[in-house]
Every structure is written in C-alpha cells, then in structure tokens.
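Enquirer: Fold the following and give me the result.
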Amino acid sequence: MATSDTLFAGSIPDLYDRLLVPLIFEPYARDLAKRVARTRPQLVLETAAGTGAVTRALASSLTDARIVATDLNQPMLDHAKARQSGNERIEWKQADALALPFEDQTFDVLACQFGAMFFPDKVRGYREALRVLKPNGHFLFSVWDRISHNEFADVVTEALASLFPQDPPRFLARTPHGYCDPDRIREELNAAGFNDVSIEAVDAISKGSSPRDVAVAFCQGTPLRNEIEARGAPSLEDATQHAAKALTGRFGAKAIDGRMRAIVVTAIR
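Expert: Numbering: from 1, shown residues only. Okay, here's the model as predicted:
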C-alpha cells in the first residue's frame, strides 16, 4: 500500500461525504447497521468511521445503544462529528484500529465499513477487535469485492490507465478492491483468534446523478486524487474529464447506474 492511500485530507473529506457516500457507501451503511441492530448491543465501537455514513445509520437503527466512533484520520472524523454534533449517544475519538485505546472486553459490537483494506497488518487489527469485544461479541465489517464487480470504479481505473499509460494510478484496484479473497480473510481472522466466521457477498446498485459527479467522486474525493496530482500532467481536472467521458460512453450522459458488490463478514468472539 502506498503512503498516499491513507491520506484523506484537504478537500477530500467534503467531496467524499457529499458525492461518494451517497454513490457507493449508503446502501452498505444501512445494511451493516441492520446487522448490528439484530445483536441488540448496548455499547458499539466503530472503527474507520470516515465521514460518518455508518455512524449516522447506527444512530438511526439503535435507539438506546451508545456509539464510540473512531477514525485514524482526524479531518474525516471532524467532518463526521460536525454532522452529528447534537447526538449525545455518540462519542468521537481519533484512534488507530491497530492499537485501540480501550480496555479489554469493553464492547458488544465492533463495526467497520470498508476500513479493513487499509490496515497495514490485518491480523493485528483483528486481534485488537477480539481484545476489546465482550464474550460472544460481534465483529461486523465489510470490504469491497474485486474491482471487476464494481463497475464505476472499474471504468474510472481503466480510463486513467489510458490517460497515464506509463504509470497508471492504481489506488482503487490496489487498496479498496485489493482485499477481497474470502479464504484469506477467514484465515487471517482465524489467526487472530476468531473461529466463528461467516462471509457473504452483497450486491447493490450505485446510482450517480451524472457521469461528471461520479468522476469527481472517485478522482477528487478519494486518495486517487493524490496519485493523479503526483503525476503532474495531465491535470486533475483533465483526468476527471477523461473519466467522465469514459463513464458517459459506458453508461450514458444523464443519471447512471452501476453494479457494485461488497463482502460482509461476521466474526463472533
């Protein structure tokens, strides 16, 4: 993983929350929140909370539970907190999922949406989840399936590869869609101490208001932006326009729909 893969700063949090969250994250946030609610928790820890898509879904689904929402990136957490500042059931805390600042056996559930792919040491992150969960506690998390099952990300990646043929920006394929082998996920959870593990693929439809908005969401609202800007020319705007043109050619010029697939994991302590 490149260092820039974990850099969510500058204008990225705003674009991420405004464009990318409704585009690809909200359906899975609602799904994860429903799974958490079925366990009837009293205290939930969320790691890799980002701009708060799952936090907001949890707050709506859980009427009594308290939520501790954490993220490694303070700018993302600040953005999330600003949207939920009046909810006293939510505590916001900057934290590394690989070194959680909580006592053993504290939480009923640990939820993490599309964060595990960024863990530099997956087993260590899973061991931390095991440590802070109560007996019979649930670790619920999602990762993206391979990029070929996620049409918008795939088209944007291929478009940028044609624009930068000597050094294609590969953030989307490398990191968000680079940790999708169920056997590997299960093996690493087992290595961390989780033995009761279930894994399923969950399909959804991504709905973009226009090819331009989808292109901006991916090219400017994720760390893909860092890769594009590091290459100098063509510019970020040129790259965004090139991606938008490819999306238009594939899906049309107005509102567009694309298939997406995530892998949702339940591990019980």
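Enquirer: Tell me where the stretch 151-269 of the chain has helices.
Expert: Under the criterion DSSP state H, counting those that start in this stretch, the stretch 151-269 of the chain contains helices at 151-163, 171-174, 182-192, 211-220, 224-230, 236-251.
Enquirer: distance between the shortest one and the chain's centre?
Expert: Centroid displacement of helix 171-174 relative to its chain, using Cα atoms, centre = their mean, to the nearest Å, is 13 Å.
Enquirer: Look at N190 and say how many residues are nearby.
Expert: Applying other Cβ atoms under 10 Å, we find 14 residues neighbouring N190. Heads up, the C-betas are built off the backbone N, CA and C, glycines and all.
Enquirer: Any idea what V264 is bridged to?
Expert: Partner residues in beta bridges with V264, using DSSP bridges, are S142, E200.
Enquirer: is it true that it touches V197?
Expert: No: assessed by Cβ atoms under 8 Å, V264 is found out of contact with V197, at 11.7 Å.
Enquirer: List the contacts of the spatially most central residue of the chain.
Expert: Nearest to the geometric centre of the chain sits F114, at 2.9 Å (Cα atoms, centre = their mean). Neighbouring residues of F114 by Cβ atoms under 8 Å, 6 or more residues apart in numbering: 25, 28, 48, 50, 142-144, 176, 262.
Enquirer: Please tell me the pLDDT value assigned to it.
Expert: F114 is assigned a pLDDT of 96 by the prediction.
Enquirer: Please apply the same query to A233.
Expert: Model confidence at A233, given as pLDDT, is 89.
Enquirer: L98 versus that one, what's the distance?
Expert: Distance of A233 to L98, given as Cβ to Cβ, to the nearest Å: 37 Å.
Enquirer: do the same with I147
Expert: For I147, the distance to L98 equals 25 Å [Cβ to Cβ].
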